[in-house]
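Enquirer: Have a look; sequence and predicted model below, questions after that.
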Amino acid sequence: AISDATEPFSADLDAMFSSITDDTKQKVLDDLAAMKTAYASLSELEAPKDYEQVQALLEESATQATAGIEIYETAIGDLSASTFNQSFVDALAPGDEAMSQAFAKLDEASALLTNAE
């Protein structure tokens with residue numbers, strides 16, 4: 001679900017950066033909403049007792065991703081052609097860091113599951 005939600009994001013982001021309009025911004029914001037929903041499903045998983053550590057990592061990933069996505073939503077919601085500058089890029093940096101941490105937690109969970117098999 002996360003891959004499916006994330007897949008259109010890059011293309012829509014590139015389209016928005018090529019032409020910042022209400023429509024291109026809305027596509028990116030819709031992608032972010034879909035990503036947030038997909039990550040929220042991670043925190044709803046209930047793992048068996050032997051996989052509690054995996055569940056904790058998935059919850060941490062969801063928390064980090066949600067924080068990152070909310071930073072992106074705020075920055076993109078405020079974006080216009082005149083504000084597409086270094087300040088905009090700087091505003092995204094904490095979101096990038098949160099998403100990086102979210103991906104790292106997913107990788108940790110995946111490694112635990114792979115090693116458990």
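Expert: That came in fine, so what should we check first?

Enquirer: contacting residues around L29?
Expert: Residues in contact with L29 (C-beta atoms under 8 Å, 6 or more residues apart in numbering) are 73, 76-77. No exception for glycine: its C-beta is placed from N, CA and C like everyone else's.

Enquirer: and which of those is nearest A111?
Expert: The nearest member of the contacts of L29 to A111, counting by C-beta to C-beta, is E73 at 30.0 Å.

Enquirer: tell me which of the contacts of L29 is nearest to P8?
Expert: Taking C-beta to C-beta as the measure, I76 is the one of the contacts of L29 closest to P8, at 14.6 Å.

Enquirer: how close does L13 sit to M35?
Expert: Note on L13: its distance to M35, by C-beta to C-beta, to the nearest Å, is 12 Å.

Enquirer: So the two - more neighbours on which side?
Expert: Between L13 and M35, counted using other C-beta atoms under 10 Å, M35 has the larger neighbour count: 24 against 17.

Enquirer: Leaving out chain neighbours, which residue sits closest to that one?
Expert: Nearest residue to M35, sequence neighbours excluded (C-beta to C-beta, 6 or more residues apart in numbering): A5, at 4.6 Å.

Enquirer: The one you found is in what secondary structure piece?
Expert: Per DSSP states H and E, A5 falls inside helix 2-18.

Enquirer: Buried ones in the following helix or strand past that helix, by neighbour count?
Expert: Following helix 2-18 in sequence order, the next helix or strand is helix 22-43 (DSSP H and E). By 16 or more other C-beta atoms under 10 Å, the buried positions in helix 22-43 come out as 24-25, 27-29, 31-32, 34-36, 38-39, 42.
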